[in-house]
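Peer 1: give me the fold of what follows.
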Amino acid sequence: MKNKKLIILLLILAPAAIWLLMQNNKSTLKDAESGFAISDTSIVTKIFIADMKENSVLLEKTPDGWILNKKHKTNTRVVDVLLGTMEKIKVKAPVPILARDNVVKRLSSIGIKVEIYQQSHRINILDKLKLFPYEKLVRVYYVGDVTPDNLGTYMLMEGATDPYVTHIPRFRGFLTSRFSPMPDDWMSHQVFNQTLSNISSVSVEFSERPKESFKVNITDSYGNYQLIKLNDNSIVDRYDTLRLLNFLTSFRDLRYETRLNNLLPPMLIDSITNSPAKYKITLIDDKKDTVYIEGYAKRALPEEIKEEEYFKLIPDDRDRFHALINNGDDFVLMQFYVFDKVLYPLSYYTRKN
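Peer 2: Residues are numbered from 1 along each chain as shown. You can find the predicted model right below:
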């Protein structure tokens, strides 16, 4: 009988206890205006960043890592820096009253809007019982420019009246650049990231030397390969096994230098990509996913200053080349220093030294 009364009492008090806990979690006015830091970034699920010029990025946490604008892999290091900033950021001081109006006005014109979402639960009793998960918007604030001493950053919480000078203790510098609304600043530069065990086949084609084009099929997991001469689809029986193995293990973490989509005029990019590609690499992994790139010569002098009659006299850049990646969506700059090891011709693997 006593147990039954106790259960009834708990059922009556539980809603009141939950309501009180929710009220206690509400910040004071001061915290609401200056509480920029996120105490637990491990449960951050989504970050939206936008400026006043319609540039924006959406970073979302997935089982496979952070994704940019629902389709691109992100630069893990840059995302980690942002999360660390959100966790460590502190208020250095309120903006002086005499400067307040000017700072607010500037934030309204050049401020970067930041929205932060976290995983939350509609019922959370002392962090022991968590029920009904959902995504909750926990912060919205504006990031401004640097203070005159270059050691602080102006920030304003949405709905607040007073801006603040923020910083990270023991860090000398400002924080605005860490909240970039430009997609290029967040994209992963990774082109290939396959291990030998993940590769099903790789082909390398040379438009100017078709007899040097080849394909490698990995027939099993014991290191048995099939080398094919693409010019006539004949199988090459004699080749340097060690060199071919080095080739197949070189596709781990190959990255481009710079994404050029927004740095070069579209007409110039079209002009380059409408010319024959010098190199084509096609990699198919064990899940039948394909990574395909086309490489184009880069002139030693800027293409923007070329004169058509003299263009053919300008030598190719020996350090870098252009390429199309991500199914042709991205035009990038690559370094031969990074990619040379996967651009050797067929004769490199078949000749005798």
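Peer 1: what segments of the chain are helices?
Peer 2: In the chain, the helices defined using DSSP state H lie at 2-24, 29-34, 76-88, 97-110, 241-248, 266-273, 308-311, 336-339, 346-350.
Peer 1: state the number of residues packed around residue 345.
Peer 2: 15 (other Cβ atoms under 10 Å). C-betas here are computed from N, CA, C, even on glycine.
Peer 1: and the gap between the nearest residue to residue 349 once chain neighbours are set aside and residue 325?
Peer 2: In space, and not counting its chain neighbours, residue 349 is closest to residue 239: 4.7 Å by Cβ to Cβ, 6 or more residues apart in numbering. Between residue 239 and residue 325 the distance is 28 Å, computed by Cβ to Cβ, to the nearest Å.
Peer 1: so for the residue nearest to residue 349, what's the pLDDT?
Peer 2: If you check residue 239, the pLDDT there is 91.
Peer 1: got the contact list for it?
Peer 2: Residues in contact with residue 239, defined by Cβ atoms under 8 Å, 6 or more residues apart in numbering, are 227, 349-350.
Peer 1: ok, of those, which come out buried?
Peer 2: When those are checked for burial by 16 or more other Cβ atoms under 10 Å, the buried set is 227, 349-350.
Peer 1: closest to residue 123 out of those?
Peer 2: Closest approach to residue 123 among these (Cβ to Cβ): residue 227, at 61.7 Å.
Peer 1: I'd assumed residue 214 was in contact with that closest one.
Peer 2: Yes: here residue 227 lies in contact with residue 214, judged by Cβ atoms under 8 Å, at a distance of 6.3 Å.
Peer 1: ok, residue 273 - contacts?
Peer 2: Going by Cβ under 8 Å, 6+ apart, residue 273 touches 294, 296, 324, 331.
Peer 1: list the residues that contact the first one.
Peer 2: Residue 294 makes contact with 273, 277, 279-280, 323-324, 328 under the criterion Cβ under 8 Å, 6+ apart.
Peer 1: quick check: the residue lying closest to it once chain neighbours are set aside vs residue 207, distance?
Peer 2: In space, and not counting its chain neighbours, residue 294 is closest to residue 277: 3.9 Å by Cβ to Cβ, 6+ apart. In this view, residue 277 and residue 207 are 6 Å apart by Cβ to Cβ.
Peer 1: who's more crowded, the two?
Peer 2: Just comparing residue 277 and residue 207: by other Cβ under 10 Å the higher neighbour count belongs to residue 277, 18 against 14.
Peer 1: bridge partners for the one residue sitting closest to the centre of the chain, pull those for me.
Peer 2: By Cα atoms, centre = their mean, the mean C-alpha position of the chain lies nearest to residue 74, the distance being 1.7 Å. Here residue 74 sits in beta bridges with residue 187, as judged by DSSP bridges.
Peer 1: pLDDT score for it?
Peer 2: At residue 74, the model reports a pLDDT of 93.
Peer 1: that one and residue 42, how far apart?
Peer 2: Taking Cβ to Cβ as the measure, residue 74 falls 17 Å from residue 42.
Peer 1: how about residue 112?
Peer 2: With the distance defined as Cβ to Cβ, residue 112 ends up 24 Å from residue 42.
Peer 1: more neighbours: which of those two?
Peer 2: Neighbour tally, residue 112 and residue 42, criterion other Cβ under 10 Å: the higher count belongs to residue 112, 21 against 10.
Peer 1: look up how far residue 85 lies from the residue lying closest to that one once chain neighbours are set aside.
Peer 2: Once flanking residues are discounted, residue 112 sits nearest to residue 143: 4.5 Å by Cβ to Cβ, 6+ apart. Going from residue 143 to residue 85 by Cβ to Cβ gives 10 Å.
Peer 1: more crowded one of the two?
Peer 2: Using other Cβ under 10 Å, the more surrounded residue of residue 143 and residue 85 is residue 143, with 26 against 20.
Peer 1: ok, now which ones touch the more buried one?
Peer 2: 111-112, 114, 153-155, 175-176, 179.
Peer 1: make JSON lines from the residues you listed and add distance to residue 48 and pLDDT to it.
Peer 2: As requested, those are exported to JSON lines (distance: Cβ to Cβ, whole Å; pLDDT from 0 to 100):
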{"residue": "111", "distance to residue 48": "14", "pLDDT": "95"}
{"residue": "112", "distance to residue 48": "11", "pLDDT": "96"}
{"residue": "114", "distance to residue 48": "7", "pLDDT": "97"}
{"residue": "153", "distance to residue 48": "19", "pLDDT": "95"}
{"residue": "154", "distance to residue 48": "20", "pLDDT": "96"}
{"residue": "155", "distance to residue 48": "16", "pLDDT": "96"}
{"residue": "175", "distance to residue 48": "17", "pLDDT": "94"}
{"residue": "176", "distance to residue 48": "17", "pLDDT": "94"}
{"residue": "179", "distance to residue 48": "11", "pLDDT": "96"}
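Peer 1: in JSON lines: the residues you listed, plus distance to residue 60.
Peer 2: What follows is the contacts of residue 143, written out as JSON lines (distance: Cβ to Cβ, whole Å):
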{"residue": "111", "distance to residue 60": "23"}
{"residue": "112", "distance to residue 60": "18"}
{"residue": "114", "distance to residue 60": "15"}
{"residue": "153", "distance to residue 60": "25"}
{"residue": "154", "distance to residue 60": "28"}
{"residue": "155", "distance to residue 60": "23"}
{"residue": "175", "distance to residue 60": "22"}
{"residue": "176", "distance to residue 60": "23"}
{"residue": "179", "distance to residue 60": "16"}
